[in-house]
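Student: Got a predicted model here, sequence first, then my questions.
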Amino acid sequence: MIPEKSEFIYNNYHLEVANLKVNEIKEIVDKAYKTAQLSKDEIIFLLTKKYSSLNYLIEQADQKRQKIFSDKIHLRAIIEISSICRQNCYYCGLRKDNTNLERYQLTPALIINTALKAADLGYKTVVLQSGEDQYPAEDIAAVIEEIKNKADIAVTLSLGERSFEDYLLWKNAGADRYLLKHETADRRLYKKYHPGMSFENRINCLKYLKNIGYQIGSGVIVDLPGQTAKILAADLLLCQDLDLDMMGSGPFIPHNETPLKDKKAGSVEMTLKVTALSRLLMPEVHIPATTALGTIDPEGRKKALKAGANVVMPNVTDSIYRNKYQIYPEKICISEDAEETCRRIEAVIKSMDRTIAKDKGDSLKI
Ligand code: 5AD
Ligand code: SF4
């Protein structure tokens, strides 16, 4: 049926407007692909577009990932060495005021054992992660030395803010990398959600770690209550500035034992937009498909791996401790053992026609 003339004009008009928007998106994405630079306004423009209109952004981020890392996915085995934390971050279930959580601390021998078991399973990196426990620095140094002596793997630390002396001690013991997410670049939000902590100190820690030779990783919590696209754009620009080797973004997940328990969870879409923009703005960084994203969406990690991510961080902590490391509720994989997790992740990667990298996955910048 031929449409009425007025209807025809109306439809055409809408088509043109839609095309205009698509072209604008394409132009900005192409610029990001070619130059790895966008203005804050351009980043905000993309972050505020509907996810359904951003296929091109996701595709181009995936293409950039393919160009740099081909079909290789790097695995990092996480060992949650202690759930004790002296801090009180508003969003996190490990915060010290959460008295409804049984705390644990793995012994040095158990950490070493778990790391060597991960190496036997084929992992080329172990990540020792904990709350801000004051685990003795010398014990951590001894653990690092032992792991590095017995296995040819990279050691990443994710133990929060410590003294510069401790960071140096661990570097000299053989640690390769350090993860310390800045969480949010907005000073006001940072102060609000991290009582007693300082944004400046966080950034100084990251800079110091980089200076003494660590490969460094940072990242953000996406859709933290009060966060805006403008803040997320500042996050991305800050990450570019810090010259990161790794950058991770996970959605906010409300935890019942925290002051943010009634707030809305973050969205998969916004997390994927941030992931894709991270790839285009920092082409060479390692980007994980985060556990938090896999927790709010069973397909979340797969989606991130198709939006620029090239890393998966399976948990290899002994299953009797896993459910006690409750950063947020219903964290995935808490009932599996390390072998099961390894097999399942391998199957997912194979199903995506991707392969597991055989090397340690050091930063491409070193
Ligand atoms: N939702 C999402 N991510 C969280 N983290 C902590 N609590 C939450 C939460 N409720 C992340 C932070 C922190 C890491 C240990 O886990 O980014 O750096
Ligand atoms: Fe502790 Fe880290 Fe959780 Fe903050 S985010 S409460 S420092 S474990």
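Tutor: In hand now; what should we look at? Keep in mind it's a predicted model, so treat the numbers as computed, not measured. Numbers count the residues shown, from 1 in each chain. Ligands and ions are numbered 1, 2, ... in the order given.

Student: Contact residues of the stretch 51-200 of the chain facing ligand 2?
Tutor: 85, 87, 89, 92, 94-95, 131-132, 160 (C-beta under 6 Å from any ligand atom). All C-beta spots, glycine's among them, are computed from the backbone N, C-alpha and C.

Student: remind me which residues of the stretch 251-366 of the chain are low pLDDT?
Tutor: 331-332, 335 (pLDDT under 70).

Student: again but with the stretch 1-150 of the chain, I slipped
Tutor: Residues of the stretch 1-150 of the chain that meet the cut-off, pLDDT under 70, sit at 1-22.

Student: can you do 50?
Tutor: Within the stretch 1-150 of the chain, the segments meeting pLDDT under 50 span 1-9.

Student: need the strands for it, in chain order.
Tutor: 72-75, 77-82, 125-130 (DSSP state E, counting those that start in this stretch).

Student: quick one, longest strand in the chain?
Tutor: Secondary structure of the chain per DSSP state E: the longest strand is strand 215-222.

Student: And ligand 1, is that strand touching that?
Tutor: Yes: using C-beta under 6 Å from any ligand atom, strand 215-222 reaches ligand 1 at Ile221.

Student: What is that strand packed up against?
Tutor: strand 177-179, helix 199-211, helix 229-241, strand 246-251, helix 268-281 (3 or more C-beta pairs under 8 Å, 6 or more residues apart in numbering; DSSP states H and E).

Student: Can you say which of the ones you listed is nearest to Thr35?
Tutor: The closest of the helices and strands packed on strand 215-222 to Thr35 is helix 268-281. By C-beta to C-beta, the value is 9.4 Å.

Student: how far out from the middle of the chain is the helix or strand that that closest one is followed by?
Tutor: Per DSSP states H and E, the first helix or strand lying C-terminal to helix 268-281 is strand 288-289. Distance of strand 288-289 from its chain centroid, counting by C-alpha atoms, centre = their mean, to the nearest Å, is 6 Å.

Student: how far is the helix or strand following strand 288-289 from where the chain is centred?
Tutor: Scanning forward in sequence from strand 288-289 by DSSP H and E, the next helix or strand is helix 291-296. With C-alpha atoms, centre = their mean as the basis, helix 291-296 stands 11 Å off its chain's centre.
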